[in-house]
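Asks: take this sequence and fold it.
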Amino acid sequence: MLTTTSAAGATSVISAAAIPARGGSRNFTHWVSDPVAATVPQVRARVRAALEGWRVSAEEADVLLLAVSELVGNVVRHVGAGRMRVGVASGGGWLRLEVADQGAALPRLPAPSAMVDPDSESGRGLLLVQLLAAGLGGQLALTVDEFGKSVRVRIPVSRMQSRAGAVEER
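Replies: Numbers count the residues shown, from 1 in each chain. Below is the predicted model:
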């Protein structure tokens, strides 16, 4: 476990492991951080590094990178206090991303058929994440417990890149 402090004063506790866990996870990585604006690109870079190490296809990586940017950005924007936990896992034919926080407010996910104000500058992020995940056969889910809430994105792993750059079916 490693603790780092950014120039903005954010403290991060980093833990990474490749472990066989219950539920078939082959690889699991997570970070705990204060939700500040500087955290968004830092966490995105860490998730990108994990996905590259697991040789995840570009299409699947793009969906999870957009998702982590949106979910961590939402915690920074709407929660802003307490701790935030971000995890990414691979195993059992699935890629999983989870962003958890201690906030009490629940995110609002508009129905895909709902009208969105075309002039609004926000309010579409979770819908986009949900639609992109669904487009790959995955899903977005929200869980709430006494410690806060967790938003999870799960997509099936269809391909992986070989070290030579060729795509292999799983």
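Asks: quick one, strands of this protein?
Replies: 2-5, 11-17, 25-33, 84-91, 94-101, 139-145, 148-156, 159-161, 167-169 (DSSP state E).
Asks: rounded mean pLDDT for the last one, please.
Replies: Spelled out, it's strand 167-169. Across strand 167-169, pLDDT averages out at 42.
Asks: now stretch 144-155
Replies: Here the average pLDDT along stretch 144-155 is 90.
Asks: got it, and stretch 55-67?
Replies: 96.
Asks: got it, and stretch 92-108?
Replies: 88.
Asks: could you list the buried residues of that stretch?
Replies: Neighbour-count burial for stretch 92-108 flags 94, 95, 96, 97, 98, 99, 100, 101, 103 (criterion: 16 or more other CB atoms under 10 Å). Any C-beta I mention is one placed from the backbone N, CA and C, and that applies to glycine too.
Asks: pretty sure the first one is in contact with residue 154, am I right?
Replies: Yes - with the criterion set as CB atoms under 8 Å, residue 94 and residue 154 qualify as a contacting pair; they are 5.6 Å apart.
Asks: now for these two: what residues contact both?
Replies: residue 138 (CB atoms under 8 Å, 6 or more residues apart in numbering).
Asks: how many other residues sit next to residue 119?
Replies: Neighbour count of residue 119, defined by other CB atoms under 10 Å: 5.
Asks: before we move on, what about residue 45?
Replies: 12.
Asks: still on that earlier bit, which among the buried residues of stretch 92-108 gets closest to residue 54?
Replies: residue 95 (8.1 Å; CB to CB).
Asks: let me see the contact set for that closest one.
Replies: Taking CB under 8 Å, 6+ apart, one finds 51, 56, 60, 64, 88, 89, 154, 155, 156, 157 in contact with residue 95.
Asks: give me the pLDDT value at residue 88.
Replies: For residue 88, pLDDT reads 95.
Asks: with residue 70 instead?
Replies: 94.
Asks: now it. Nearest residue, chain neighbours left out?
Replies: Distances taken as CB to CB, 6 or more residues apart in numbering place residue 125 nearest to residue 70, at 4.2 Å, with adjacent residues excluded.
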